[in-house]
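> Need a 3D model of the following:
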Amino acid sequence: TQLPKADSVVLDPPYAMSDWGNVDIYLDPRWRFGAPPPQSADFAWLQIAALQLKPAGRAAVVLPAGSLSGGGRELQIRRALLKAGVIEGVVLLPPRLRANTSIPLAVWLLRSPDAEERSDEILLVDASELGKPGRSRFSLEEETIDRLGQLARTWRLNQEIHAGDGEIAIAVSAHSITDA
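I've put the predicted structure just below:
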């Protein structure tokens with residue numbers, strides 16, 4: 001059954017789920033950008049979030065930072081998402097931000113594959129040093145969360161980065177990433 005399309009999707013799925021489906025799931029036609037590998041469901045979550053969006057919808061998906069650089073099928077899916085204009089930005093978060101893992105995380109900011117507006121530019125934000133150290137993990141203060149939210153909103157609306165955010169954010173062309 002087809003779920004209704006959404007204006008927004010926020011996912012914080014289980015990371016690196018291995019053996020997450022049977023053979024049939026890997027052949028499912030809904031994998032518009034490529035079949036995710038059996039050893040990790042991370043790129044299934046990205047596609048599920050993007051494909052659930054209305055044309056003007058947006059999604060945020062939290063995944064391990066390693067999802068930004070894997071090879072094989074993950075690289076092919078990442079490239080397909082970039083070429084389709086689905087990836088709007090990525091925010092790298094501080095390590096040890098979550099109590100149950102010490103791995104660094106990233107928030108993937110996605111737009112619908114059916115979005116009318118497209119941009120070749122992608123927002124990359126390195127917020128990895130913005131965490132406030134605690135006893136055993138980092139946290140993000142409310143003002144930092146507000147700053148990152150405003151940065152993403154400004155980018156989404158105007159495709160610009162304010163001067164004060166230039167130290168943590170940069171815009172790059174999807175073309176330069178996919179050809180690298």
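> If we go by neighbour counts, what in stretch 35-55 is buried?
Of the residues in stretch 35-55, 35-38, 40-53 count as buried by neighbour count, 16 or more other CB atoms under 10 Å. For the C-beta atoms, the positions are set from N, CA and C on the backbone; glycine is no exception.
> May I have the phi/psi pair for L82?
phi -60, psi -50 (degrees, to the nearest 10).
> Can you give me every residue that contacts it?
By CB atoms under 8 Å, 6 or more residues apart in numbering, the contact set of L82 is 122, 174, 177-178.
> Restrict those to the buried ones and give me that as a PyMOL selection.
Selection of the buried residues among the contacts of L82 in PyMOL, burial being defined by 16+ other CB under 10 Å:
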select buried, resi 122+174
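> quick revisit: among the buried residues of stretch 35-55, name the ones in strands.
L53 (DSSP state E).
> pull the helix or strand with minimum mean pLDDT from the chain.
Within the chain, judged by mean pLDDT, DSSP states H and E, the helix or strand with the poorest mean is helix 23-26; its value is a mean of 68.
> Tell me where the longest helix sits in this protein.
helix 142-158 (DSSP state H).
> That one: what's the following helix or strand?
Of the helices and strands lying after helix 142-158 in sequence (DSSP states H and E), the nearest is strand 169-173.
> what does that next one contact?
120-126, 151, 155, 159, 161.
> Could you state which residue of this structure sits nearest its centroid?
W108 (1.2 Å; CA atoms, centre = their mean).
> Restricting to C-alpha, output the strand or helix carrying that one in CSV.
Per DSSP H and E, W108 falls inside strand 105-111. C-alpha atoms of strand 105-111 as CSV (Å, rounded to 0.1, in the frame of the first residue of the first chain):
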residue,chain,number,x,y,z
LEU,A,105,26.6,11.6,12.9
ALA,A,106,25.4,13.6,10.0
VAL,A,107,22.0,15.1,9.1
TRP,A,108,21.1,14.6,5.4
LEU,A,109,18.8,17.5,4.3
LEU,A,110,16.7,16.2,1.4
ARG,A,111,14.1,17.6,-1.1
